[in-house]
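# Sharing a model prediction with you, sequence too.
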Amino acid sequence: MRKPAIIAVLAAAGLTLSACGAGEPKYEGAPPADFAKATCSGWTSWQQADHDLLNLPMTLSGTGAEQKAQVVAAVDEYKSLLTAARDQVKAPAVEEGATYAAMFTDFYDSRIKLIDERMAEFESFPDTLELNNDQVQLEALDVATDIGQNGTTPGGPPPFTSIKDQDILKAFDAEPSCKDWITVIG
């Protein structure tokens, strides 16, 4: 599976260290390391589920109604995974922490909304198999493409690209689950 690289820039060490010390404001929320782990592990789970969803149409079997039920069950599981990824994101204890958390939750919410809309359309699709008996498979492939990362991109680019806080960027760089998604430069 091809994994897209997300690049974040860490400011020069001198600038980062000059901001440390007495008088540093305290913010409510999760430690940046917890935020990094939650966002990257959720992202990793979503990417794997997306890969699995794209392969689903080739695994469908049975009658048209059975195939359709398999797609609905798989997409429900996919949506549950996105919901869990969204729910594990908590605002980090940094300036603009709530904004950073909202970027992720809004991103996931926009994808969940797209799933709901696309599945309403899919569920109205006929499940009678004719011709080559692949009508449900073809529509399932369209659904997987539409709601997956290769389809419409509601919510804009990956939220990682907009984070500028140095403590979070350091946490991304240190978090093993971020290694496949984020390259921190600097």
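That came through, no problem. Remember, it's a predicted structure, so these values are computed and weren't measured experimentally.

# low-confidence ranges in the chain?
1-25, 129-133, 149-155, 186 (pLDDT under 70).

# go again using 80 as the cut-off
1-25, 127-135, 148-157, 181, 186 (pLDDT under 80).

# Spell out the residue ranges of the helices in it.
13-18, 32-55, 64-87, 97-123, 135-147, 166-174 (DSSP state H).

# In JSON lines, list the ones you listed along with distance to residue 156 and mean neighbour count.
From N, CA and C alone the C-beta is placed, and that goes for glycine too. Conversion of these to JSON lines gives the following (distance: least, C-beta to C-beta, whole Å; neighbours: other C-beta atoms under 10 Å):
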{"stretch": "helix 13-18", "distance to residue 156": "27", "mean neighbour count": "11"}
{"stretch": "helix 32-55", "distance to residue 156": "15", "mean neighbour count": "19"}
{"stretch": "helix 64-87", "distance to residue 156": "15", "mean neighbour count": "17"}
{"stretch": "helix 97-123", "distance to residue 156": "7", "mean neighbour count": "18"}
{"stretch": "helix 135-147", "distance to residue 156": "16", "mean neighbour count": "20"}
{"stretch": "helix 166-174", "distance to residue 156": "18", "mean neighbour count": "21"}
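
# Among the ones you listed, which comes closest to residue 181?
The minimum distance between residue 181 and the helices of the chain falls on helix 32-55, with 5.7 Å, by C-beta to C-beta.

# For residue 61, the count of nearby residues, please.
8 (other C-beta atoms under 10 Å).

# Could I get the contacting residues of the closest residue to it other than its chain neighbours?
Leaving out its chain neighbours, the residue that sits closest to residue 61 by C-beta to C-beta, 6 or more residues apart in numbering is residue 67, at 7.1 Å. By C-beta atoms under 8 Å, 6 or more residues apart in numbering, the residues touching residue 67 are 60-61, 127, 136-137, 140.

# Select, out of the helices of the chain, the one closest to residue 180.
Here helix 32-55 is closest among those (C-beta to C-beta), at 6.7 Å.

# And that closest one, what does it pack against?
When contacts are defined as 3 or more C-beta pairs under 8 Å, 6 or more residues apart in numbering; DSSP states H and E, helix 32-55 packs onto helix 64-87, helix 97-123, helix 135-147, helix 166-174.

# In JSON lines: these, plus distance to residue 29.
Shown next, in JSON lines, are the helices and strands packed on helix 32-55 (distance: least, C-beta to C-beta, whole Å):
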{"stretch": "helix 64-87", "distance to residue 29": "15"}
{"stretch": "helix 97-123", "distance to residue 29": "5"}
{"stretch": "helix 135-147", "distance to residue 29": "31"}
{"stretch": "helix 166-174", "distance to residue 29": "11"}
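
# Quick check: the residue nearest to residue 61 vs residue 128, distance?
11 Å (C-beta to C-beta, to the nearest Å).

# burial count for residue 128?
Quick note: residue 128 (other C-beta under 10 Å) scores 10 neighbours.

# Need the nearest residue in space to the residue nearest the centre of the chain, chain neighbours excluded.
Centroid check for the chain by C-alpha atoms, centre = their mean gives residue 43 as the closest residue, at 4.4 Å. Leaving out its chain neighbours, the residue that sits closest to residue 43 by C-beta to C-beta, 6+ apart is residue 181, at 5.7 Å.
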